[in-house]
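> what follows is a protein structure lacking sequence information:
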């Protein structure tokens, strides 16, 4: 049995479908906070998504099998205990966190919400595993943004350090992106390190790049589609550029656009999760995967989107936009290493260029939904306000 | 105006008195949670402490001046906003956190309480400074335990790293002691780094060693004494050894006793805080002080206490006790550096040996109070339970 926490999310729902399709027993858990938070900022998913009840029915209909589902909040220990005791999963994939950097920067309330929601959820899961199912493998979604953009290569998790003539191997000295959200992921990682050390937790911490795409093979029906956020709070830069293309608006990278970031296609991300599940960490092992495929700067992204948009007949230009964030927006050194997933057999099957054409075609069907929220694409949250 | 958050605490109250005595305007803030938590684990301070109302009256009587006081919880943003708006302090010394490692390890509820209490309080303070008094200097109590015991020297905050032929200066790669409390201090430090970067907060992060002692010059009356915890949850190893000596019980270092830790006397700690206050960090500067004087292993501590106890006529032996914690209890390399406070003029005026004699004499007056809680000296919380 595999438990997917955050089963209603962008990656969560396609991952559930893929696992069910592969024959795994799956229990999904969600409290639909992402839907609520996107509504709070006045936006919606470009791709319409149906209720979980409808999703489960559609899975039954099209995949021939569905999954169990539990509604509840991971910050409630009694709920987490109840779910883990009921299903006793061998693997937990924890995707159930507040995942937006701008959302965490709205005000003190959202900063506190983000850090407490994420830390308490993960602490509850760690404790429930320890108390109930100590052999369970925890696969936790972190972020490549935990590392920030250091001027040195980024290994997977730990670093050999020599200082004043002595050596030690220590957790990579993380200097996350400057927002409360990315730091919350760092803190989750550290809490997991400790649980592995004192309780022998087996854990895989996924430092995931930015995920893109609108499709996995299981999406054979509109009811099985996953969400696609394009607003400035919950949408990635790539998603915003796609939405802008559909509207024939200019693409607006923040500042100079030199920010280099790691990327991975949705279907490839799911392939990686499957590899982590099928090759669990050893007891007491805190294992880190840098889960991404390609690296692009924001300006390169914008150019790629424009090229595909041009080809499909959309009319758009690139227009630099005042950066609402505090970040280095000029081309910097950025060289994260990623070997462990490839050693387990990861073969990326999607490139950004191929996938962009699929995305723009898919999204063009929902032009009206994007148009209805066009004001939400421009940034409303200033880091320095 | 200086605001002392955690003004009722072991360091907080003597610091308030010292600042008032030096002529500063002081507002103390507390919600007496430490008193409540010590009662929750069934213990009390060996040295009796009076109510804050009585403390303030005694300050007026003996120092000739008192301080303002505000009762409230730092996890309530509205309260923090109210206090900072009312007093507009130039300096905030933030000592108001849950400070016990074993307390944080009781169960999931206490783990969550510790991490949310500490993170939310600090986030609220950071936001209120940013919103109301951006030039205020935040002096925050961290812990030397944030660094853990790496096999390399420990500089003050940041480390120059060379890796794969490239260089960067990054936050020291912290691998805190294995408890939720010490990690919460790491997370506070990281949140402060970010606030300095994006908002130009001026901050001093005090990596403090273990503080010992029962006296400062201002304690000229019993009403002005500070608390002295000796139970296994809130008392330090040194405090427990002192309490055991008074009862003629054996001293019980955990395990082999090789754990090396940094120490500083209470009056010296207060001298350091004064130096930090009088030499504020620059705007946008995140400054780290490693605030300690001497380093001892637990077994060395026990021997020092026994030597002084023997001299004063107490009868005690050293008896190794099964270690309830998960930690390296054998002699390890431990070399934290500490230069910045000395450069500002820090002159430690107290050694452990001198101070122990004062402590044991002071505590012998309260033998009955220690006897009443003698069962609380043995550890009740197991890291691996």
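Sure thing, it's come through. Nothing here was measured: the structure is a model prediction, and the numbers come from that model.

> tell me which stretches of chain A form strands.
Assigned by DSSP state E, the strands in chain A fall at A:2-5, A:26-30, A:68-71, A:91-94, A:137-141, A:158-163, A:166-171, A:202-208, A:210-212, A:260-265, A:286-291, A:294-297.

> strand partners (parallel or antiparallel) of the fourth one?
Strand A:91-94 has these partner strands in its sheet, going by DSSP bridges: strand A:2-5 (parallel), strand A:137-141 (parallel).

> excluding its backbone neighbours, what's nearest residue A:148?
residue A:175 (4.3 Å; Cβ to Cβ, 6 or more residues apart in numbering or on different chains). No exception for glycine: its C-beta is placed from N, CA and C like everyone else's.

> out of the strands of chain A, which one sits most buried?
strand A:2-5 (a mean of 28; mean count of other Cβ atoms under 10 Å in any protein chain shown).

> before we move on, the earlier item: correct me, but the residue nearest to residue A:148 touches residue A:146?
No - contact criterion Cβ atoms under 8 Å: residue A:175 and residue A:146 do not qualify, at 9.1 Å.

> within range of chain B, give me the residues from the stretch 151-300 of chain A.
Within the stretch 151-300 of chain A, the positions near chain B by Cβ under 8 Å from any Cβ of the partner chain are A:151-153, A:155, A:159-164, A:166-168, A:170-176, A:178-180, A:183, A:186-187, A:190-191, A:193-194, A:197-199.

> helices along the stretch 101-250 of chain A, start to end?
A:101-104, A:108-132, A:180-199, A:237-246 (DSSP state H, counting those that start in this stretch).

> residue A:25: which of these is closest?
Checking these against residue A:25 by Cβ to Cβ gives helix A:108-132 as the closest, at 17.6 Å.

> what's the offset of that closest one from the middle of its chain?
Relative to its chain's centre, helix A:108-132 lies at 17 Å (Cα atoms, centre = their mean, to the nearest Å).

> one step back: now the strands paired with strand A:91-94 as TSV including mean pLDDT?
Formatted as TSV, the strands paired with strand A:91-94 follow (pLDDT from 0 to 100):
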stretch	mean pLDDT
strand A:2-5	98
strand A:137-141	98
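
> could you check how far residue A:14 is from chain B?
In this view, residue A:14 and chain B are 31 Å apart by Cβ to the nearest Cβ, to the nearest Å.

> and the nearest residue to that residue once chain neighbours are set aside, how far is that from residue A:358?
Spatially, and ignoring its direct neighbours in sequence, residue A:14 is nearest to residue A:216 (4.5 Å; Cβ to Cβ, 6+ apart). According to Cβ to Cβ, to the nearest Å, residue A:216 and residue A:358 sit 11 Å apart.

> need the strands paired with strand A:91-94 in TSV (columns: distance to residue B:374).
Shown next, in TSV, are the strands paired with strand A:91-94 (distance: least, Cβ to Cβ, whole Å):
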stretch	distance to residue B:374
strand A:2-5	46
strand A:137-141	41
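
> quick one: stretch A:111-125 near chain B?
Yes - for stretch A:111-125, a contact with chain B is found by Cβ under 8 Å from any Cβ, at A:111-112, A:115-116, A:119-120, A:123-124.

> specify which member of those residues is nearest to residue B:223.
Using Cβ to Cβ, these come closest to residue B:223 at residue A:112, 37.4 Å.

> so the closest one makes contact with residue B:122?
No - look at residue A:112 against residue B:122 with Cβ under 8 Å: they stay out of range, at 10.5 Å.

> so which of those two has more stuff around it?
residue B:122 (26 against 20; other Cβ atoms under 10 Å in any protein chain shown).

> disregarding residues adjacent in the polypeptide, which is nearest to the more buried one?
Counting by Cβ to Cβ, 6+ apart, the residue nearest residue B:122 is residue B:188, at 4.6 Å.

> quick check: most distant residue from the centroid of chain A.
In terms of distance from the mean C-alpha position of chain A, residue A:165 ranks first, at 39.7 Å (Cα atoms, centre = their mean).

> tell me which residues touch that residue, please.
Not one residue lies near residue A:165 by Cβ atoms under 8 Å, 6 or more residues apart in numbering or on different chains.

> got the confidence number for the residue nearest to residue A:378 when sequence neighbours are not counted?
Closest residue to residue A:378 apart from its sequence neighbours, by Cβ to Cβ, 6+ apart: residue A:232 at 6.1 Å. pLDDT recorded at residue A:232 is 98.

> need the contact list for residue A:168.
Contacts of residue A:168 by Cβ under 8 Å, 6+ apart are A:160-161, B:150-152.

> run the last query once more with 6 Å
By Cβ atoms under 6 Å, 6 or more residues apart in numbering or on different chains, the contact list for residue A:168 reads A:161, B:150-152.

> just give the number of residues close to the nearest residue to residue A:219 once chain neighbours are set aside.
Nearest residue to residue A:219 in three dimensions, chain neighbours excluded: residue A:225, at 5.6 Å (Cβ to Cβ, 6+ apart). Residue A:225 is flanked by 22 other residues according to other Cβ under 10 Å.

> returning to that earlier point: just the buried residues out of the residues of stretch A:111-125 next to chain B, in PyMOL syntax.
Selection of buried members from the residues of stretch A:111-125 next to chain B for PyMOL, criterion 16 or more other Cβ atoms under 10 Å in any protein chain shown:
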select buried, chain A and resi 111+112+115+116+119+120+123+124
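
> now do the residue of the stretch 251-385 of chain A found nearest chain B against residue A:383, distance only.
Nearest residue of the stretch 251-385 of chain A to chain B: residue A:326, at 4.4 Å (Cβ to the nearest Cβ). The spacing between residue A:326 and residue A:383, counted by Cβ to Cβ, is 5 Å.

> equivalent analysis for residue A:180, please.
Distance from residue A:180 to residue A:383, by Cβ to Cβ: 11 Å.

> what's residue A:139 in contact with, if anything?
So residue A:139 contacts A:93, A:204, A:276 (Cβ under 6 Å, 6+ apart).

> partners of it in the sheet?
residue A:93, residue A:204.

> ok, now which ones touch residue A:89?
A:1-3.

> from chain B, how far out is it?
Distance, residue A:89 to chain B, by Cβ to the nearest Cβ: 18 Å.

> without its sequence neighbours, what residue ends up closest to that residue?
residue A:3 (4.0 Å).

> verify the contact between residue A:195 and residue A:201 for me.
Yes - with contact defined as Cβ atoms under 6 Å, residue A:195 and residue A:201 form a contacting pair (4.2 Å).

> next, show the common contact partners of those two.
Common neighbours of residue A:195 and residue A:201 (Cβ under 6 Å, 6+ apart) do not exist.

> count of neighbours near residue A:230?
Neighbour tally, residue A:230, other Cβ under 10 Å: 29.
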